[in-house]
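1. here is a sequence with its predicted model. Questions after.
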Amino acid sequence: MTAVYEAQARCEDIWETLLDSMLRIRYFENEVKALFGSGLVRGSTHLCQGQEATVVGACSRLRPGDMMASTYRGHGAVLATGASPTAAFAEILGRDPGLCGGKGGSMHFTDLTHGAIGSNAIVGAHLPIAVGAAFGAQHLKSGAVSLAFTGDGSTNIGAFHEALNLAGIWKLPVVIVIENNHYGEYSPLAATTPISALVDRAKSYGIRGEVVDGNDVLAVRNVVGEAFDRARDGNGPTLIEADTYRFEGHSRSDPGKYRPPGELESWLARDPIERFADLLKEREIAGTEIVEAHRQQVGAEIAAALQAAKAAPEPQPERLYEDVIG
Amino acid sequence: MTAVYEAQARCEDIWETLLDSMLRIRYFENEVKALFGSGLVRGSTHLCQGQEATVVGACSRLRPGDMMASTYRGHGAVLATGASPTAAFAEILGRDPGLCGGKGGSMHFTDLTHGAIGSNAIVGAHLPIAVGAAFGAQHLKSGAVSLAFTGDGSTNIGAFHEALNLAGIWKLPVVIVIENNHYGEYSPLAATTPISALVDRAKSYGIRGEVVDGNDVLAVRNVVGEAFDRARDGNGPTLIEADTYRFEGHSRSDPGKYRPPGELESWLARDPIERFADLLKEREIAGTEIVEAHRQQVGAEIAAALQAAKAAPEPQPERLYEDVIG
Amino acid sequence: MIRELTYREAIASAIGDELEADPRTVFFGEDVGAAGGAFKSTVGLLERFGGERVRDTPISEQAIVGAAIGAAIAGLRPIAEIMFADFVGVCFDQIVNQLAKYRYMTAGQVRLPVTLRMANGAGAGFGAQHSQAAENWLINVPGLYLATPATAEDTYRILRTAVQCDDPVVVFEHKNLFGLKGTIDSTAPVLPVGKADVVRSGEHVTVVATQQMRHRAVEAAEELAAEGIHIEVIDPRWLTPFDDAAVVASLQKTSRLLVVQEGPAPGGWAGALVARLCAHHFELFDAPPRLLTSPFTPVPYSGVLEDAWLPSAPDVADCCRELLKY
Amino acid sequence: MIRELTYREAIASAIGDELEADPRTVFFGEDVGAAGGAFKSTVGLLERFGGERVRDTPISEQAIVGAAIGAAIAGLRPIAEIMFADFVGVCFDQIVNQLAKYRYMTAGQVRLPVTLRMANGAGAGFGAQHSQAAENWLINVPGLYLATPATAEDTYRILRTAVQCDDPVVVFEHKNLFGLKGTIDSTAPVLPVGKADVVRSGEHVTVVATQQMRHRAVEAAEELAAEGIHIEVIDPRWLTPFDDAAVVASLQKTSRLLVVQEGPAPGGWAGALVARLCAHHFELFDAPPRLLTSPFTPVPYSGVLEDAWLPSAPDVADCCRELLKY
Ligand SMILES: Cc1ncc(C[n+]2csc(CCOP(=O)(O)OP(=O)(O)O)c2C)c(N)n1
Ligand SMILES: Cc1ncc(C[n+]2csc(CCOP(=O)(O)OP(=O)(O)O)c2C)c(N)n1
Ligand SMILES: [Mg+2]
Ligand SMILES: [Mg+2]
C-alpha cells in the first residue's frame, strides 16, 4: 500500500540535498552563535546543532503545499524547507528583509512560500495549529500533509494531548516528530516524565508510533516517508520519536553544565553530518574530497548570506503599526 | 503488601452505610429534579443518578484528612463524603446555610469538614488541584490520600494530561476515578475519543490502571481500597475506569434523545441500588423488608432536609462582597 | 429573506448563510452538531451541511482554537465555538498568543479569517465559572476584533461580518439574550466592523452600554423619559475597534457620560473608554464621567446576590439623575 | 541582615528567607531547582533546602498552578514560578477560574496562600510571545493580589509579603530590571499590601508608573528638573489593591496626571485608574489626565521597533511638558 523505504536504500538521487541542507543549518548556527557572542542578536536563541538529521530527513519529504510547524528551536526545520539563509539571518538581526520583517525574531521563523507555517515560542502551542492545518488539508482534499516538530519536554503540556487526540479521532494527515534530545531547558527527561519511551503516548490517541535514530538522516527520511504516505492515503497521523541530542546548551545563556561527563562527547561521536559523510564514503557515493567541496560551497553560501543580511536595512518605524488587524 | 479486598467479600460491617449513601443521593436528586421542574433552581444542574455506586464505593474508602475533588456532576460524590443534605439543598436553592453560603450553587459543592475540597465546573480543572492536594499530603507526610472523580469526556482536555503526568513523576498519593458514563454532554465517547479503553491512558503516565464495574458498589469499594492502600504506602497513583451510566440527561435541559433505543433500559436493569439490594438478599445479609425500611428512613431524611433548606434564609446582601481577598 | 427570529435562531441562521455562501467555511465545537449546541443555537446545521463541514469536537478548547488557526492557514474560513466564554481560560494562549499575534509575528504572511463564538455573561444562575463577561479579558489584546451583539438583528449581521472578515473576530453571545426576537433580513448589506448603534437619542446624558446592559439602559431611558430626562443610549456593538466617534458626537450634545458595563471595573472596556475620552475630549464634560459596573467580586450563584451583582435599570436611572445634579 | 543584592538575587533571597521561616512553604516550577531558574533568580535554593521543598516540574503550567492550589488546600504555603509571564496564557483557567475564585465560591471555607511569580515585560528582544506586560490580563480578575516591584528592595519585601499573605498573590518580576542593585534588609518589617511608593516628590505633575516605566519616569524627572519642572513620581507597587489615595494626595498638589504604562492601553491598569479618578476626583484636574502607553500592537522583535513600542523617558518628559501647557 505504501511505498517501501529502507534505511539501506541507495540515496544517489537525494544525498546532495540532504548533505547540503545539514551543512547549511550547521554553518548557519555557527554564525548565529558568533553573532550572539558579539551582541548582535537580541533576546534568546536556541540552536539545534546536532539535531540536523532529524529536521533534514523529515523535511526532505515535504512537497509543495505541505505544511511544517516547528518550535523556537526552529532554525534548522525552517532552513530545511528551503527558506533563504539570508532572510533567516536578517530575521535574527531584526532587519526589514527578514523572514518576518524582523518582527518575529529567532524563535519565530515563518516562511509560507516554503510551507513553514510558523515557529512557536510557547511550548506545544504549535501542535494544535499543525493539527488544524492537517484538518484544512483533509477538508480541502488537497493531498497535503502537515508536519510538526516538537520537543521531548513538550509532550507533558496540555496542548500536546489535545492536539494528538484530535488528530487521532479525525484521522488527520499530520506527522508529529518528537525531537527527543533528552532535555527540556536543563532538566533531563527522566526528571519530568514518568515514562522513557515517549512514543508510547501514541497509543493514548489511537495513532501509530515509530521510533527512529534521529541522527541518521536516511533513517529519518524513511520513517517519515512512510508516515507521509499513510497520511496522504487517508490512513491518519503518526507520532515519531527521533532520538537525538543538541550539542549546545538550551539557549544562548546556557553552558550546559548539567550534562553528565562524557555524554556530550558520546553524542559528538554520532554527529549526524559526519555519520552521513562516512556513509557516503562507505557506499562509494561520495568521497572525502567531494564532501569537502560541499562543505566549502555551503560555507561560502552562508558567509555570503550573512554578509547580505548584515547590510540589510532596519524596518521602517511605521512597520510597528502594520499587520495587526484591518 | 496491600490488604486483600475481594469483590465477593462479606460486607456486614459496611452495607448499611453503602446502601443508605446510595439511597440518599438517589432521593436527593429526585428532589433536585423536581425543584428544577418548578423553577426553584437557577442555572443548570447535572444529575448523577445511575452512577451512585461509583461515588459511594470510592468515597467509602475516605478517612478523616483525605481529600475528594469532583466535577459539576458532584452531588453524589459530595454527599458520599457525609456532607449534609440540608446544606446541599440549601446550596442549590442559593440559601445562606448552603454548603457554600449559596455562592457556589449546584456545580460547586464544597465541604471541607468532610474532605470535599471542591466540585469544579470547568472540565478537568479539578485534576491538577487534586494532584496538588496529594502533593501537599505527601509533603506533610500526613498519610492522606486525594481522590478525584472525572468524566470520560474530560480525559481529552489538557489539564487531565498535565495532572496525571505530574502525579506519575512525583508518585503522588492520588486516586483518579473516571466515571465513564459513555457520553460527554451529548456526544458519545466514540465520537470524541480515538480509544475505547480510557484506562489505557494510565500507561502514558507510568501509573497503574484498573477497570471496574462502576455499578457494583462493592467492586468499586474494593478496587479503590487497593488503590488507597498503594497510595498510602507510597506506591503512587492509580487511574480507575469505572463503567457506568447516567440515567438522566446531561443537564436539566437535556431529554437525552441522542441515546440509541434500548440503551437506557439496559442500564436501568443494572441500577446500582437494585443490584446491591439483590446482592444483600442473595447473601442473606438483608431481605426486602429491611432494605425497604432503609428506603423509608432515607426518604424521610431527605424530605426533612429539603423542608429545612426551603425554610432557610437568603444570604444577606453584604455577603456579595465577602471572601474575595483580605 | 426577512424572518422573525430569536437571538438564538439568528446565530444558526447567520452560520448557515455563511456556510452556504462559501465552501471554505467550516464550523466546529463541542456538541455543536448532533446536539445543535449546548444553547440550541446551532440546531439544524449538521443536518443541512453534513458532518464534514459541521463537526463535533472533543472537550479540548486548545485544540479547537488551534484547529481553527491551522485550518485558516490551510485555506479555510473556520467558525469555532467555545461553549461558555469563561472557557477562554483553558485556551487563552491559543487566542492571545497565537490567533491574535500570527499576522503580526509573520509580518502579514499569515492572515487568519477565524471566527470564535462563545456564550457570555451573568444573570442566569450559572455560578462563578460560567457567568463571566469575558470580553474584558481580551480587550488588552491587539490582533482581535471583539463584538458584543445585543439584539437578534445585530447578532445575525455581526456574525456574518465576522465570518467574512480576514482577521480573527471573537463574537460574544449573551446567554441572557438568547430568547430576544428580531427581524432578520438576510439580504441586508454586511454591517461594517466597529460601528456603534445609537439606540435611542436624547440630550441629557450619554449612556454607553452593551448586551444586556444596553437593554437595561433602554429600560432606564423609558423610566427617565417620564421624568422629562432624555438619555441617549449608545451600543458600541464592537469593543475592538471602539467607535469613540459615536460617543464623542453624543457628548457634544449631552456633556454627561455614563458607561454601564457588566463585570468588574478594573481592566474593563468602560474604564478604557473613559480614559480615552478624558485624555482627548476633556472639555466636553460638564460632569465627571461615571462608570456603573459590577462589583469587584466573582459572580455569585444565589439569585439575590447575582441580581445585586449586575447593574440594574434602576441603577442606571439613578446614576443618570445624579449626573444631572452635578 | 543588610546586604547589597541585585533584583535577581533579591528574589532568591526572599524565597530562601521564607522557606527558612516556615516549614509549610515549598517552591516549585520549571527548572527552578537544579538549574537555578531560567533567569538565574533562584540559584542556590535547591542546594539549601533540598529536593522536597524546591522542586523542578514538568513543562505543565496548568499542573503547576493547580498543584499550588491543591497543596495550599492540603496545608502548604506554595510559591510557584511561571517562567515568562506570557505563559499565563496556558494556565489562565487555573489562575482566573480556580485560584482567584476558590475562596469566594466556597464562601471562605478555602483560602489559598499561594504566591505565583513570573518574569514580565518587554525591552530585551524576546519577541511577541515572551515580552508582554501580563499584569494587564489579570487586573479584571477579583480574588488576586497583584504586585509589580520595580526595585531590588521592593522585590524582596513584596515577595515576603506575598508568601505571608493568606490569599493568592501574583508577583510580576520585570525581566529588564534583574540587574538592578539594592540594599536588602532582611529584618525590615513586612511591607503592607497595596501601599504605593512616592519615589520622588514634586509639585507640577503627578506621574504614576510601574517597573521599568517607573525608572524611565525618574529619568524624565531629572531631565525636567533641569528645566525647573518638578514631577512627582509614584510607583503603586501593587495593582490590586491600588493605592488611589496616594495618587489623590499627589493630585491635590499637582492637579495634573500622567499615567505611564507598559503595554497597550485598552484594559490596562492605567485606564482603570484614570476612570476611577475622573469619576471621584474630577475637580482635582486642571488639565486632562493623560495616558502614555505602548501602541495597540504585539511586541515586535526588532530593536528599533521594540524601542519605539516602549514609552521612553523623553516621551514621559514630553507628555509632562504638554500637560503643563494646558
Ligand atoms: C508554555 C511554555 N512553558 C515554558 C516555556 C519555556 N521553555 C522554553 S523551551 C523549554 C524546554 C522545552 O523542552 P523540549 O520540549 O524538550 O524542547 P527542546 O528545547 O529540548 O528542543 C521551556 C520549558 C515555554 N516557552 N512555553
Ligand atoms: C473546559 C470546559 N469545556 C467544556 C465544558 C462544558 N461541559 C460541561 S460538562 C461537559 C461534558 C463532560 O463530559 P464528561 O467528562 O464525560 O463528564 P460527564 O458530564 O459525563 O460526567 C462539557 C463539555 C466545561 N464545563 N468546561
Ligand atoms: Mg528537549
Ligand atoms: Mg461522561
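-> Yep, that arrived. Ligands and ions are numbered 1, 2, ... in the order given.
2. so is stretch A:128-139 next to chain B?
-> No. Applying CB under 8 Å from any CB of the partner chain, one finds stretch A:128-139 separated from chain B by no less than 9.7 Å. Heads up, the C-betas are built off the backbone N, CA and C, glycines and all.
3. run the chain-centre distance for that stretch.
-> 19 Å (CA atoms, centre = their mean, to the nearest Å).
4. ok, that stretch near chain C or not?
-> Yes. Applying CB under 8 Å from any CB, one finds that stretch A:128-139 is in contact with chain C at A:128-137, A:139.
5. of the residues you listed, closest to A:Ala227?
-> The closest of the residues of stretch A:128-139 next to chain C to A:Ala227 turns out to be A:Ala134 (CB to CB; 12.1 Å).
6. the spatially closest residue to C:Phe126 that is not a sequence neighbour: what secondary structure?
-> Nearest non-adjacent residue to C:Phe126, counting by CB to CB, 6 or more residues apart in numbering or on different chains: B:Gly43, 4.0 Å away. Of the three states, B:Gly43 takes coil under DSSP: H, G, I helix; E, B strand; the rest coil.
7. quickly note the distance from B:Gly43 to A:Ser44.
-> Taking CB to CB, to the nearest Å as the measure, B:Gly43 falls 46 Å from A:Ser44.
8. please apply the same query to C:Ala119.
-> 40 Å.
9. who has more neighbours, those two?
-> For the pair C:Ala119 and A:Ser44, the greater number of neighbours falls to C:Ala119 (27 against 22), based on other CB atoms under 10 Å in any protein chain shown.
10. low-confidence bits of the stretch 1-150 of chain A, can you list those?
-> A:1-10 (pLDDT under 70).
11. where along it do the strands fall?
-> With DSSP state E, counting those that start in this stretch, the ranges of strands along the stretch 1-150 of chain A come out as A:67-71, A:116-120, A:146-151.
12. and the helix or strand harbouring C:Val208, anywhere near chain D?
-> C:Val208 belongs to strand C:205-209 when assigned by DSSP states H and E. No. Strand C:205-209 lies out of reach of chain D by CB under 8 Å from any CB, never closer than 12.4 Å.
13. tell me how far A:Leu140 lies from A:Met67.
-> Distance from A:Leu140 to A:Met67, by CB to CB: 12 Å.
14. show residues contacting the strand holding C:Val208.
-> Residues outside strand C:205-209 that contact it (CB atoms under 8 Å, 6 or more residues apart in numbering or on different chains): C:216-217, C:220-221, C:229, C:231-236, C:247, C:250-251, C:253-254, C:256-261, C:270, C:273, C:316, C:320, C:323-324.
15. hmm, try it at 7 Å
-> The contact list for strand C:205-209, computed with CB atoms under 7 Å, 6 or more residues apart in numbering or on different chains, reads C:217, C:231-236, C:247, C:250-251, C:254, C:256-260, C:273, C:316, C:320, C:323-324.
16. then it to PDB, C-alphas only?
-> Taking C-alpha atoms only, strand C:205-209 is exported to PDB below (Å, rounded to 0.1, in the frame of the first residue of the first chain):
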ATOM      1  CA  VAL C 205     -26.900  62.100  29.300                       C
ATOM      2  CA  THR C 206     -25.000  59.800  27.000                       C
ATOM      3  CA  VAL C 207     -25.200  56.200  28.200                       C
ATOM      4  CA  VAL C 208     -22.900  53.600  26.600                       C
ATOM      5  CA  ALA C 209     -23.800  50.000  27.300                       C
END
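17. give the buried residues for it.
-> Of all the residues in strand C:205-209, those buried under the rule 16 or more other CB atoms under 10 Å in any protein chain shown are C:205-209.
18. nearest to ligand 4, of the strands of the stretch 1-150 of chain A?
-> The minimum distance between ligand 4 and these falls on strand A:146-151, with 29.3 Å, by CB to the ion.
19. which residues does the residue of the stretch 201-326 of chain A found nearest ligand 2 contact?
-> As assessed by CB to the nearest ligand atom, ligand 2 sits closest to A:Ser204 within the stretch 201-326 of chain A, at 16.0 Å. Counting by CB under 7 Å, 6+ apart, A:Ser204 touches B:195, B:200-201, B:204.
20. near ligand 4, which of the residues you listed show up?
-> Here nothing survives when the contacts of A:Ser204 are matched to ligand 4 using CB under 5 Å from the ion.
21. switch these over to a markdown table; also include pLDDT and secondary structure.
-> Shown next, in a markdown table, are the contacts of A:Ser204 (pLDDT from 0 to 100; DSSP: H, G, I helix; E, B strand; the rest coil):
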| residue | pLDDT | secondary structure |
| --- | --- | --- |
| B:Ile195 | 97 | coil |
| B:Asp200 | 98 | helix |
| B:Arg201 | 98 | helix |
| B:Ser204 | 98 | helix |
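22. list just the nearest of those residues to B:Leu23.
-> B:Arg201 (33.2 Å).
23. that closest one - how many residues pack around it?
-> Other residues close to B:Arg201 by other CB under 10 Å number 26.
24. likewise for C:Gly268?
-> C:Gly268 has 29 nearby residues by other CB under 10 Å.
25. so what's the backbone phi/psi at it?
-> Main-chain torsions, C:Gly268, degrees, to the nearest 10: phi -90, psi 170.
26. I figured it hits C:Thr293, correct?
-> Yes. C:Gly268 is in contact with C:Thr293 according to CB atoms under 7 Å; the separation is 6.3 Å.
27. next up, the contacts around the one residue in the stretch 101-250 of chain C that gets nearest to chain D.
-> Closest to chain D within the stretch 101-250 of chain C is C:Asn140: 3.4 Å, counting by CB to the nearest CB. Contact analysis of C:Asn140 by CB under 7 Å, 6+ apart lists D:136-137, D:263-264, D:266-268.
28. buried ones among these?
-> For the contacts of C:Asn140, buried by 16+ other CB under 10 Å: D:136-137, D:263-264, D:266-268.
29. what's the closest of the residues you listed to ligand 1?
-> D:Trp137 (15.0 Å).
30. whether the helix or strand harbouring the closest one contacts chain C - can you check?
-> Using DSSP H and E, D:Trp137 sits within helix D:135-138. Yes. Residues of helix D:135-138 contacting chain C under CB under 7 Å from any CB of the partner chain: D:136-137.
31. pLDDT on that helix, on average?
-> Confidence for helix D:135-138, expressed as mean pLDDT, is 98.
32. and it, what does it pack onto?
-> Counting contacts by 3 or more CB pairs under 7 Å, 6 or more residues apart in numbering or on different chains; DSSP states H and E, helix D:135-138 packs against no other helix or strand.
33. quick one: residues in contact with it.
-> Here helix D:135-138 makes contact (CB under 7 Å, 6+ apart) with C:137, C:140, C:267, D:88, D:120, D:144, D:146, D:148, D:170, D:172, D:239, D:263, D:267-269.
34. centre of the chain to it, how far?
-> Taking the mean of its C-alpha atoms, helix D:135-138 sits 10 Å from the chain's own mean (CA atoms, centre = their mean).
35. look at the residue nearest to A:Ala277 when sequence neighbours are not counted and give its secondary structure.
-> Nearest residue to A:Ala277 in three dimensions, chain neighbours excluded: A:Val291, at 4.8 Å (CB to CB, 6+ apart). Following three-state DSSP, A:Val291 is assigned to helix.
36. thought A:Pro313 was touching A:Gly94?
-> No. Applying CB under 7 Å as the test, A:Pro313 and A:Gly94 come out as separate, 10.7 Å apart.
37. between the two, what contacts are shared?
-> In contact with both A:Pro313 and A:Gly94: no residue, using CB under 7 Å, 6+ apart.
38. more crowded one of the two?
-> Between A:Pro313 and A:Gly94, counted using other CB under 10 Å, the more crowded position is A:Gly94 (30 against 10).
39. which residues are in contact with the more buried one?
-> Counting by CB under 7 Å, 6+ apart, A:Gly94 has contacts A:42, A:102, A:105, D:301-303.
40. could you measure from C:Ala313 over to ligand 2?
-> Per CB to the nearest ligand atom, to the nearest Å, C:Ala313 is found 31 Å from ligand 2.
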